[in-house]
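>>> Give me coordinates for this.
(one chain, ligands or ions: 1)
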Amino acid sequence: MLHINKTELQNNPTPFYAYDLKLLRETLQAAAKEAQKHDYHVHYALKANTNDPVLAEIRNVGFGADCVSGNEVKKALAAGFTADKVVFAGVGKSDAEINFGLENDIFCFNAESVHELEVLNELAGKMGKKARIALRINPNVNAKTHHYITTGLEENKFGINFWELPQLIDYLPTLTNLQLVGLHFHIGSQITELSVFKQLCLRVNEIQGWFLSRNIKVEHLNLGGGLGVNYHEPDAEAIPDFAMYFGIFKEFLKPEPGQQVHFELGRALVAQCGTLVSKVLYIKKGIKTNFVILDAGMTELMRPALYQAYHKIENLTSHEPDLRYDVVGPICESSDCFGKAVMLPETNRGDLLAIRTAGAYGEVMSSGYNLREKAPAFYFEG
Ligand code: LLP
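You can find the predicted model right below:
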């Protein structure tokens with residue numbers, strides 16, 4: 001059960017996001033400790049959460065920034081991440097975004113297609129610079145997660161396919177404004193079957209072997225992100241098992257001597273520290289169920305509507321015996337539902353409900369549909 005006993009939080013206008021900075025710090029320290037054991041480098045995937053106090057904690061622990069838009073690069077730099085720790089990925093970087101990255105001498109562009117490499121080469125040339133690039137290679141490994149967040153299969157739009165590489169490797173030396181510094185892989189998100197990461201390592205070893213046999217040794221391998229969190233038990237598993245996660249790479253990935261290994265974790269670092277707090281507006285009797293109608297909806301947290309994602313829901317106010325409810329929002333869409341047949345203490349108008357594990361891909365994905373106001377964020381030390 002979430003403990004937000006701070007009266008100032010309880011009195012906030014709802015809905016709002018509440019972030020437990022103490023839990024965030026503990027999570028970051030656990031991740032940093034395990035990564036350091038193996039000399040691994042972590043770039044935090046900003047797309048999961050870009051709130052300033054969250055970024056400040058992440059920068060303080062020494063992680064770099066993995067960005068997927070010019071604005072994320074801008075945000076990372078403004079938050080104090082140094083340019084030599086900023087990576088810029090994404091299948092559709094605009095010319096203006098690339099130029100911004102070049103002007104700021106960021107660490108690396110993760111390039112996703114041959115066409116993008118040509119544009120990077122041209123824009124870097126115009127500036128009289130060399131762009132540091134990593135090739136994002138699609139390893140065709142099944143992440144066994146929701147199909148909307150699977151990215152490492154040949155049918156997905158991400159990365160350069162393995163069969164394109166022979167031609168690309170001959171062509172790359174003609175793109176003289178590029179400097180190849182890395183190989184990048186990311187197969188998907190919310191991965192809970194850890195054997196998938198072993199498969200990724202084995203495939204990366206093979207691909208690296210292919211490059212080595214052509215006398216190409218890059219400075220770093222980037223294994224992406226994807227470590228899942230436990231949405232069902234946010235208290236029992238508040239901090240993901242980073243030892244196990246990095247341990248798999250230690251065991252199965254075979255970097256070359258002196259080669260750096262990078263990761264791009266997002267969700268695993270920030271999901272559990274965030275909660276969406278909402279007030280019950282109405283209780284409504286349905287044919288088969290009772291509806292709890294909240295003042296938060298898919299506009300504040302889109303994951304259930306978009307991916308049928310599960311988020312644990314708790315009533316922070318009532319301690320009555322449990323009843324069964326469908327918990328829904330106020331938006332004019334039937335998909336605006338946080339949970340069906342949820343067991344909650346008997347719930348009344350005015351009760352506060354906590355929707356847990358909302359720190360990653362929650363606030364950042366909120367929308368203004370139905371002309372909704374953006375929900376504010378508050379911070380506490382749990
Ligand atoms: N690196 C790349 C290239 C990515 O595309 C992503 C996430 C990450 C790293 C970070 O992955 P993480 O460690 O957070 O799994 N909106 C969806 C998740 C989309 C993930 C997109 N890419 C959700 O709410 O589940």
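>>> can you pull out the helices in the stretch 151-300 of the chain?
Under the criterion DSSP state H, counting those that start in this stretch, helices of the stretch 151-300 of the chain are mapped to 165-171, 195-212, 242-252, 267-270.
>>> Which other helices and strands does the second one contact?
Based on contacts counted as 3 or more C-beta pairs under 8 Å, 6 or more residues apart in numbering; DSSP states H and E, the elements that helix 195-212 packs against are strand 178-184, helix 242-252. Every residue, glycine included, has its C-beta placed from N, CA and C.
>>> Does it reach the ligand?
No: Helix 195-212 stays clear of the ligand (C-beta under 6 Å from any ligand atom), getting no nearer than 11.7 Å.
>>> C-alpha coordinates for that helix, CSV please?
The C-alpha trace of helix 195-212 is given here as CSV (Å, rounded to 0.1, in the frame of the first residue of the first chain):
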residue,chain,number,x,y,z
SER,A,195,16.3,-15.5,-20.9
VAL,A,196,15.5,-13.0,-23.7
PHE,A,197,18.6,-11.0,-22.7
LYS,A,198,20.7,-14.1,-23.0
GLN,A,199,19.4,-14.6,-26.5
LEU,A,200,20.3,-10.9,-27.2
CYS,A,201,23.9,-11.4,-25.9
LEU,A,202,24.4,-14.5,-28.1
ARG,A,203,23.2,-12.7,-31.1
VAL,A,204,25.3,-9.6,-30.4
ASN,A,205,28.4,-11.8,-30.0
GLU,A,206,27.6,-13.3,-33.5
ILE,A,207,27.1,-9.9,-35.0
GLN,A,208,30.3,-8.5,-33.4
GLY,A,209,32.1,-11.5,-34.7
TRP,A,210,30.9,-10.7,-38.2
PHE,A,211,32.4,-7.1,-37.8
LEU,A,212,35.6,-8.4,-36.3
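>>> That helix to strand 178-184, inter-axis angle?
150 degrees (axes from the mean of the first three to the mean of the last three C-alpha atoms, to 10 degrees).
>>> relative to helix 242-252, how tilted is helix 195-212?
40 degrees.
>>> what about residue 109, how many neighbours?
When neighbours are defined as other C-beta atoms under 10 Å, residue 109 has 28 of them.
>>> Any part of the host helix or strand of it near the ligand?
Residue 109 is part of strand 108-111 when elements are defined by DSSP states H and E. No: if you take C-beta under 6 Å from any ligand atom as the test, strand 108-111 misses the ligand, and the best it gets is 7.0 Å.
>>> Just checking the helix or strand just after that strand against the ligand, any contact.
Downstream of strand 108-111, the first helix or strand assigned by DSSP H and E is helix 114-126. No: Helix 114-126 does not reach the ligand (C-beta under 6 Å from any ligand atom); its nearest approach is 14.0 Å.
>>> And helix 114-126, what's buried?
116-117, 120-121, 123-124 (16 or more other C-beta atoms under 10 Å).
>>> likewise stretch 97-107?
Using 16+ other C-beta under 10 Å as the test for burial, stretch 97-107 gives 97-102, 106-107.
>>> picking up where we left off before, would you mind giving the helices and strands packed on helix 195-212 as CSV with mean neighbour count and distance to residue 328 added?
Formatted as CSV, those follow (neighbours: other C-beta atoms under 10 Å; distance: least, C-beta to C-beta, whole Å):
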stretch, mean neighbour count, distance to residue 328
strand 178-184, 21, 40
helix 242-252, 17, 35
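>>> TSV please, covering the ones you listed and showing distance to residue 21 and mean pLDDT.
Shown next, in TSV, are those (distance: least, C-beta to C-beta, whole Å; pLDDT from 0 to 100):
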stretch	distance to residue 21	mean pLDDT
strand 178-184	31	98
helix 242-252	19	98
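>>> Kindly indicate which of the buried residues of helix 114-126 lies nearest residue 243.
Ranked by distance to residue 243 (C-beta to C-beta), these are led by residue 116 at 36.2 Å.
>>> Strands along the stretch 251-382 of the chain, start to end?
If you assign secondary structure with DSSP state E, counting those that start in this stretch, the strands in the stretch 251-382 of the chain sit at 260-263, 274-285, 290-294, 313-315, 322-328, 337-345, 352-355, 377-380.
>>> that older thread, among the buried residues of stretch 97-107, which lie within helices?
Of those, the ones assigned to helices by DSSP state H are 97-102.
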